Each structure stands twice: as C-alpha cells, then as structure tokens.
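**Student:** Attaching a predicted model along with its sequence, questions to come.
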Amino acid sequence: MTGTRLPDDSGLDDQVPFLARLETEDKAALLKQGHALQFAARETLVRQYEPSTLVYFILRGWCKVTAASSDGYVALLALRGPGDIVGESAAVTGRPRSATVTALEPVTAAAVTGALFTELLYERPTATAALLALLADRTRASDRRRLEFASMPARRRLAVLLLDLARVHGRTTPKGIELDVPLTKEELAGSVGVSRRMIQRLLQELRAFEAVVTGHRTLLITRPDILLRLAHPGL
C-alpha cells in the first residue's frame, strides 16, 4: 500500500455530536429520562415511514442512516456514532420517520419518548439551541455535498465517498485501509447518485487500478493515492 495521508475535508460525520454540544446539566437531564436499549449488529433502531417517535441518544457503537425511494433506490445519508442523536425529526414534527437507522455493530442507546424530549426542550432553551445548531450543521454539510457532487463525474464522486468513509471509519491493516462500515452496492450507488450497474462498473475499474479489493459488504483500499488523484484532480 502506498502511504498517503487522507485529506481532512469530509462531509460525512463532520459535525460535533449532539451530546457533546450540551451543557452538563442539560445532558444529565436528557439522559436521566432515557432507558438503555441494546441493539445487535444489523438490527434496526428506526424504520423509514413508521410512526414511532422515540428519540435515541447513541452511547456506544455506530449506525448507518439510509433512505429508500418507492422504486427501491437506497442511499446512505449519514453515519451516527457515540454522542449522536437519531429520531429527533419525527419527535419534533410528529411526522413519520424519514429514514431507516441500522446498527453497524452492537449499539447501546438511551431512548426517550418524543413527548418527553420536546417537553425537555421547552424547559431547557440551551438544549434547544444546541439542537438547532446541530440541525443547521447537518443541513449545511448536506447542501455542500450536493453542490460538490453536482459538478463531479460519477467516478470522482465514488472516490470522494470512499475517502470520506476511510477517514472516519477506516482501519489500517498491513494490506490497506479496511472500511469498518458494511455497505451494500445499492447503498453505495444511492450515495453517489448512480445505478447499481454503474457502481459495479466503477468498482471494477478501481479493482483494475488495484486501488480497492471488494468482497461481500467489505472493501479494502489498497491504493489511497489513486483515490486521492481521482477525488482531487488538481492536487
């Protein structure tokens, strides 16, 4: 593997987690009202379109947030880990879930009912301000990614995504950088806005360049320098 430092400019998971934004008293008050739940790897915490309004504070482990269209198109929207909050949108608006949240590994979360969560927000304006700041940061990151991707060819979008995942969820091994995030080809395709057939072709090209090695929901980056050149042609 060619040793190359990955750039620290990711749009994935670059926000400070919600619990880390809270005042000590606000954090204690929220967690005090929650009950701990354990989720096994690949278990669903939140299912898209369901009416549940539980809010989850992730205490341990990582989850993926995905959304599916009516024709089965699935996109990876975000990764959430320790300190993050999920399910807050449905709780605040009273609308059905907008996405599915799935545990990538054993996850411990504190669950609070939507009614109690909104009540606590009314009582604690500093917690409300922290939530608004988080939502604004998430929206800004999402808008930035859409703007960047709008001008990129598919191969470059995939390279950027893989580098983002490697930076946050890559584990260095003697053979390369192994992604600890098990993603399907459908999720990769949805994340970069291409078809499953196209993502297969793009991955085949990267394998031909000896930049990656793929398996069932596994991906090893063996030549990050190649991905860097694809993602940042001007460097």
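**Tutor:** On my side now, so go ahead.
**Student:** And Gly94, how close does it get to Ala109?
**Tutor:** For Gly94, the distance to Ala109 (Cβ to Cβ, to the nearest Å) stands at 21 Å. For glycine as for every other residue, the C-beta is placed from the backbone atoms N, C-alpha and C.
**Student:** Kindly report the same for Glu148.
**Tutor:** For Glu148, the distance to Ala109 - Cβ to Cβ - is 31 Å.
**Student:** Show me which of those two is the more surrounded one.
**Tutor:** Shown here are Glu148 and Ala109; by other Cβ atoms under 10 Å, Ala109 has more neighbours (29 against 13).
**Student:** ok, that one - contacts?
**Tutor:** Contacts of Ala109 were listed using Cβ atoms under 8 Å, 6 or more residues apart in numbering, and they are 36-37, 39, 45, 56-59.
**Student:** pLDDT score for it?
**Tutor:** pLDDT recorded at Ala109 is 97.
**Student:** and it, that's in a strand?
**Tutor:** Yes: under DSSP: H, G, I helix; E, B strand; the rest coil, Ala109 sits within a strand.
**Student:** tell me the secondary structure for the residue nearest to it when sequence neighbours are not counted?
**Tutor:** The spatial neighbour of Ala109 that comes closest, neighbours along the chain excluded (Cβ to Cβ, 6 or more residues apart in numbering), is Tyr56 at 4.3 Å. Under three-state DSSP, Tyr56 falls in the strand class.
**Student:** could you measure Tyr56 against Pro224, distance?
**Tutor:** According to Cβ to Cβ, Tyr56 and Pro224 sit 33 Å apart.
**Student:** didn't Phe18 look like it was pressed against Leu134?
**Tutor:** Yes: at 5.3 Å, Phe18 counts as touching Leu134 under the criterion of Cβ atoms under 8 Å.
**Student:** any common contacting residues for these two?
**Tutor:** Ile85.
**Student:** what about these two, which has more around it?
**Tutor:** Phe18 (23 against 19).
**Student:** Can you give me every residue that contacts that one?
**Tutor:** By Cβ under 8 Å, 6+ apart, the neighbours of Phe18 are 57, 83-85, 130-131, 134.
**Student:** Tabulate those in CSV, adding columns for distance to Leu158.
**Tutor:** Converted to CSV, the contacts of Phe18 look like this (distance: Cβ to Cβ, whole Å):
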residue, distance to Leu158
Phe57, 32
Gly83, 29
Asp84, 25
Ile85, 29
Ala130, 34
Leu131, 33
Leu134, 28
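**Student:** quick check, nearest of those to Arg155?
**Tutor:** Asp84 (30.6 Å; Cβ to Cβ).
**Student:** quick one: contacts for the closest one?
**Tutor:** 17-19, 57-58.
**Student:** Turn the residues you listed into JSON lines, columns for pLDDT and distance to Arg171.
**Tutor:** Formatted as JSON lines, the contacts of Asp84 follow (pLDDT from 0 to 100; distance: Cβ to Cβ, whole Å):
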{"residue": "Pro17", "pLDDT": "93", "distance to Arg171": "21"}
{"residue": "Phe18", "pLDDT": "95", "distance to Arg171": "25"}
{"residue": "Leu19", "pLDDT": "95", "distance to Arg171": "24"}
{"residue": "Phe57", "pLDDT": "97", "distance to Arg171": "25"}
{"residue": "Ile58", "pLDDT": "97", "distance to Arg171": "20"}
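**Student:** Among these, name the buried ones.
**Tutor:** 17-19, 57-58 (16 or more other Cβ atoms under 10 Å).
**Student:** Closest to Leu203 out of the residues you listed?
**Tutor:** Ile58 (29.6 Å).
**Student:** Domain ranges for this structure, per the record?
**Tutor:** 18-147, 152-231 (automatic domain parsing).
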